[in-house]
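> Build me a model:
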Amino acid sequence: MANSLVKCLLITLLAMTSCKSSGRSESPTSIFSSDETAEAAKIVASANDDLTKIKVLYKDNENKREDLKKAMEVDNAEQVKKIADEVVDLINSGFDSAQSAIEKIEKAQDMKVNDDYREYLRLKEESLKHELDAFENYRQAARTLRDNYDPKNAAQRDKVKEDFKKRVENYRKLMEQARDYSNQANELAKDALRKQQSQ
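A predicted model of the protein is given here:
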């Protein structure tokens, strides 16, 4: 929660700093100002609420992934299918939040914003899209387990396990890429804050 507050503060400061450094009016609400960066920052703050929901989903999935592994190790088909179904439901519920956040960021990008803020938004959008791809990979892995896991059929069981393993690895890679984009965006915001403090 505190982390989200810090991010919101950095976003707002990035918007304010960039408005000042662009040579435009220091008051983004001035009738003579065409810069909508401060307004875009409000939209992004709303998108951060959606991102908080996704982070909760991510944490929930981490626990479920371990539960799935344990159930597969003992070939408990009933437990595998039950947990996989829960994972599919969790991810489905998170897709709406992720899509909402992306739409808000795209709306902010369509506004008249300064270049620094536009780059910040681009990086945040890339991060979110990678997260969506990651969760889609994991959702497909869970669906395969739910619909096809059969410990009595060794060939099918091994194939499903291998598919699950590959998709989980893709999930991890995509989430790492998403974190990289998000970190780049946050560094951009911190640089803007440092510039403002040195002025």
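> what residue is smack in the middle of this protein?
L128 (3.9 Å; C-alpha atoms, centre = their mean).
> In the helix or strand where that residue lies, which residues are buried?
For L128, the enclosing helix or strand under DSSP states H and E is helix 115-148. Of the residues in helix 115-148, those buried by neighbour count under the rule 16 or more other C-beta atoms under 10 Å are 116-118, 120-146, 148. Where C-beta positions appear, they are placed from N, C-alpha and C, glycine not excepted.
> now swap in stretch 186-199 and tell me
Buried residues in stretch 186-199, counting neighbours by 16+ other C-beta under 10 Å, are found at N186, L188, A189, A192, L193, K195.
> just curious, which of those is nearest to S46?
Checking the buried residues of stretch 186-199 against S46 with C-beta to C-beta, the nearest one is A189 at 16.8 Å.
> so which strand or helix has the closest one?
A189 belongs to helix 154-198 when assigned by DSSP H and E.
> got the angle between that helix and helix 115-148?
160 degrees (axes from the mean of the first three to the mean of the last three C-alpha atoms, to 10 degrees).
> Run through this structure and note the low-pLDDT ranges.
Judged against pLDDT under 70, the low-scoring parts of the chain cover residues 1-34, 196, 199.
> phi, psi of D110?
When quoted as degrees, to the nearest 10, the phi and psi of D110 stand at phi -80, psi -10.
> Likewise for K104?
Dihedral pair for K104: phi -70, psi -40, per degrees, to the nearest 10.
> quick one: it from D110, how far?
Relative to D110, K104 is positioned 11 Å away (C-beta to C-beta, to the nearest Å).
> Could you do A41 as well?
Distance, A41 to D110, using C-beta to C-beta: 14 Å.
> Looking at these two, which has the bigger crowd around it?
A41 (25 against 11; other C-beta atoms under 10 Å).
> Please pick out the residue of this structure most distant from its centre.
Outermost residue of the chain with respect to the C-alpha centroid, by C-alpha atoms, centre = their mean, is K152; its distance is 38.0 Å.
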